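Trainee: Prediction below, plus the sequence it came from.
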Amino acid sequence: MTRMVKIPGGGRLSRLMAGLVIAAVPATGAVAADGDGTRIDWGPYKVGDVRSGYTYAGAQTRAMQDDDFQNPAFLWLERGAELWDTAEGAAGKACADCHGDAEESMADVATHYPIYFEDWGKLMNIEQRINWCRETQMQAEPFEWESDDLLGITAFVKHQSKGLPVDVSVDGPAAPFFEKGKAFYEERRGQLDMACTHCHVDHPGDLIRAETLSQGQANGFPTYRLKWQTLGSLHRRFRGCNRNIRAEPFPYGSDEYTNLELYVTWRGNGLPVESPSVRK
Amino acid sequence: MHSNGRSKTRAGWPGLGLLAELGLAGSGLTLVAVPASVPAHAAAPPSYTVQGGYTIPEPLTDTPGDPAMGRNWVINRKLGNCLSCHQMPIPEEQFHGETAPALYGVGDLYSAGELRLRIVDPKVLNPQSMMPAFYKTEGLNRVLKGFEGRPILTAQQVEDIIAYLMTLKDTSKAKN
């Protein structure tokens, strides 16, 4: 990726960070037991039985996510902020030319994606929306999946919803796609013959070798994963979980994964958008 | 599928050779290219018979299992990787999994045949099981390229693991 330097006190990033400090609700330790075997009050990261991956992460990982200057994902956020203002493509337009100030125009957008997109007759997630804007509105090349540019602008857009509850709708025209995503989630696959449910519904909180299983929530993506040493999309995580059970992964942005994304995101309705999160 | 107590004989796996089973992902092409000359040591896994829906009494190989090798296979992350889900009396390995029952004392609890079925195809006993079938190739969905058509473990590895499990007689150290 392009080298990025953090400039304390400079421009958009610091405004962003100022916004964050207000939005972030750090889960400070040692409140009364919460019925989930921990002594921590997880604040917004736990809604009923629904728990963000944050609540299964180690204290150090959580601290990295909470401290804007330690969270390595902020490098990508800065890239995203730059891209927002950069005109590209034959139309000579930047995101900002149509959408203005992201803090206002993108304020809760990420809480609703994936959406049903009528022109396509199927679902669209944020990455796909961004590339749709590039292709049809800017007449620019779409960004590649997992490029620093697509990760950066996706993180930047989702970040505008940070702290707001995820609220995807799964009825109406989205319903059949939601059902497909649900079926995928429950279907065994791979040489190890396991479904997502075996790990993320039956065993959150349990160790699988050195990893503590979580509920596999989507609210923190794109996430900076220490193991990856980079930001990564939800579809990258899906591919990793598929490979771990020796199942042939689906392509980035495939219908299968976008349908799955809707189901997985819906499981976390009510959790705050955390993008970009930090995970092990 | 077979939990109704009927016996069922399964066809063996069609001689793609030991190489593939030794974790050489990506070598599938080569193997497919040389189907006729299967090396002498790479016999196809024999078929097996589930009796009464709860046991596979006949060993899968003529060579008796080696418990020391079995101990290696249960640790090895590319083979048994049993520790990812089960706790076992293997103190030098950190982080034993918690998603399945501890295996302390299973050698006392089950016969070799009962353990064999639990490793070969645990879904005969519990169709909902999280545990992979370690010696099965049919009925799988979208197996990763390079792993198609071969079981996770070889017949001999299964026998080695059974021999190892049969040495686990002491339940006293079980954590759960």
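Mentor: Here it is on my side, so go on.
Trainee: And the residue nearest the centre of chain B, what's its pLDDT?
Mentor: Nearest to the geometric centre of chain B sits residue B:134, at 3.7 Å (CA atoms, centre = their mean). pLDDT recorded at residue B:134 is 97.
Trainee: give me the element it is part of.
Mentor: Using DSSP states H and E, residue B:134 maps to neither a helix nor a strand.
Trainee: does any bit of the lengthiest helix in chain B sit next to chain A?
Mentor: When chain B is scanned for its longest helix (criterion: DSSP state H), the result is helix B:155-165. No: on the criterion CB under 8 Å from any CB of the partner chain, helix B:155-165 is out of touch with chain A, staying 14.6 Å away. For the C-beta atoms, the positions are set from N, CA and C on the backbone; glycine is no exception.
Trainee: Now do the strands in chain B.
Mentor: Assigned by DSSP state E, the strands in chain B fall at B:8-9, B:49-50.
Trainee: Chain A too?
Mentor: A:46-47, A:50-51, A:115-117, A:122-124, A:207-208, A:211-212, A:223-225, A:230-232, A:277-279.
Trainee: Of these, which is nearest chain B?
Mentor: With CB to the nearest CB as the measure, strand A:207-208 is the member of the strands of chain A nearest chain B (4.5 Å).
Trainee: touching chain B at all, that closest one?
Mentor: Yes: using CB under 8 Å from any CB, we find that strand A:207-208 touches chain B at A:207, A:208.
Trainee: Mind listing the strands that strand pairs with, and their directions?
Mentor: strand A:211-212 (antiparallel) (DSSP bridges).
Trainee: about what we covered before: may I have the phi/psi pair for the residue nearest to the centre of chain B?
Mentor: phi -90, psi -10 (degrees, to the nearest 10).
Trainee: Dump the longest helix of chain B to PDB, restricted to CA.
Mentor: Taking Å, rounded to 0.1, in the frame of the first residue of the first chain, the C-alpha atoms of helix B:155-165 are listed here in PDB:
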ATOM      1  CA  ALA B 155      -6.000 -46.900   7.400                       C
ATOM      2  CA  GLN B 156      -2.700 -47.400   9.200                       C
ATOM      3  CA  GLN B 157      -2.900 -44.100  10.900                       C
ATOM      4  CA  VAL B 158      -6.400 -44.900  12.100                       C
ATOM      5  CA  GLU B 159      -5.100 -48.200  13.600                       C
ATOM      6  CA  ASP B 160      -2.100 -46.400  15.200                       C
ATOM      7  CA  ILE B 161      -4.500 -43.900  16.800                       C
ATOM      8  CA  ILE B 162      -6.700 -46.700  18.100                       C
ATOM      9  CA  ALA B 163      -3.600 -48.400  19.600                       C
ATOM     10  CA  TYR B 164      -2.700 -45.100  21.300                       C
ATOM     11  CA  LEU B 165      -6.300 -44.500  22.600                       C
END
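Trainee: what's it packed up against?
Mentor: helix B:67-75, helix B:112-120 (3 or more CB pairs under 8 Å, 6 or more residues apart in numbering or on different chains; DSSP states H and E).
Trainee: Pick the most deeply packed of those helices.
Mentor: Comparing these by mean neighbour count (mean count of other CB atoms under 10 Å in any protein chain shown), helix B:112-120 ranks first with a mean of 22.
Trainee: Show the contacting residues for residue B:153.
Mentor: Applying CB atoms under 8 Å, 6 or more residues apart in numbering or on different chains, we find residue B:153 in contact with B:21, B:73, B:79, B:80, B:119, B:134, B:135, B:161.
Trainee: please redo it, this time with the cut-off set to 10 Å
Mentor: By CB atoms under 10 Å, 6 or more residues apart in numbering or on different chains, residue B:153 lies in contact with B:21, B:45, B:60, B:73, B:76, B:79-80, B:119-120, B:132-135, B:159-161.
Trainee: Can you say which of these are buried?
Mentor: With burial judged by 16 or more other CB atoms under 10 Å in any protein chain shown, the buried subset of these is B:21, B:45, B:60, B:73, B:79-80, B:119-120, B:132-135, B:159-161.
Trainee: Between those residues, which sits nearest chain A?
Mentor: residue B:132 (4.3 Å).
Trainee: roughly how far apart are the residue nearest to the closest one when sequence neighbours are not counted and residue A:214?
Mentor: Closest residue to residue B:132 apart from its sequence neighbours, by CB to CB, 6 or more residues apart in numbering or on different chains: residue A:192 at 4.3 Å. To residue A:214, residue A:192 is 19 Å away according to CB to CB, to the nearest Å.
Trainee: Please say which of those two ends up with more neighbours.
Mentor: Remark: of residue A:192 and residue A:214, residue A:192 carries more neighbours, 22 against 19, as counted by other CB atoms under 10 Å in any protein chain shown.
Trainee: Can you verify my assumption that that one contacts residue A:247?
Mentor: Yes: the criterion here is CB atoms under 10 Å, and residue A:192 meets it with residue A:247 at 7.8 Å.
Trainee: where's residue A:61 relative to residue B:57, distance?
Mentor: Counting by CB to CB, the gap from residue A:61 to residue B:57 is 49 Å.
Trainee: Looking at those two, which has the bigger crowd around it?
Mentor: Using other CB under 10 Å as the criterion, residue A:61 and residue B:57 rank with residue A:61 on top: 19 against 15.
Trainee: Distance of the more buried one relative to residue A:244?
Mentor: Taken as CB to CB, the span from residue A:61 to residue A:244 is 20 Å.
Trainee: would you list every one of the helices in chain B?
Mentor: B:18-21, B:28-33, B:67-75, B:106-109, B:112-120, B:155-165.
Trainee: same deal with the stretch 101-250 of chain A?
Mentor: Shown for the stretch 101-250 of chain A, the helices assigned by DSSP state H, counting those that start in this stretch span residues A:102-105, A:126-132, A:148-159, A:175-186, A:196-200, A:234-244.
Trainee: Deepest-packed of those helices, please.
Mentor: helix A:148-159 comes out most buried of those by mean count of other CB under 10 Å, with a mean of 26.
Trainee: And that helix, what does it pack against?
Mentor: Counting contacts by 3 or more CB pairs under 10 Å, 6 or more residues apart in numbering or on different chains; DSSP states H and E, helix A:148-159 packs against helix A:11-23, helix A:74-84, helix A:95-99, helix A:102-105, helix A:126-132, strand A:223-225, strand A:230-232.
Trainee: if we go to 6 Å?
Mentor: helix A:74-84, helix A:126-132 (3 or more CB pairs under 6 Å, 6 or more residues apart in numbering or on different chains; DSSP states H and E).
Trainee: and the ones you listed as a markdown table, adding distance to residue B:166?
Mentor: Below are the helices and strands packed on helix A:148-159 laid out as a markdown table (distance: least, CB to CB, whole Å):
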| stretch | distance to residue B:166 |
| --- | --- |
| helix A:74-84 | 53 |
| helix A:126-132 | 52 |
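Trainee: Among those, single out whichever gets nearest to residue A:148.
Mentor: Judged by CB to CB, the one of those that comes nearest to residue A:148 is helix A:74-84, at 6.1 Å.
Trainee: and residue A:108, how many neighbours does it have?
Mentor: Around residue A:108 there are 12 residues (other CB under 10 Å).
Trainee: Contact partners for it?
Mentor: With contact set as CB atoms under 6 Å, 6 or more residues apart in numbering or on different chains, residue A:108 has these partners: A:161, A:164.
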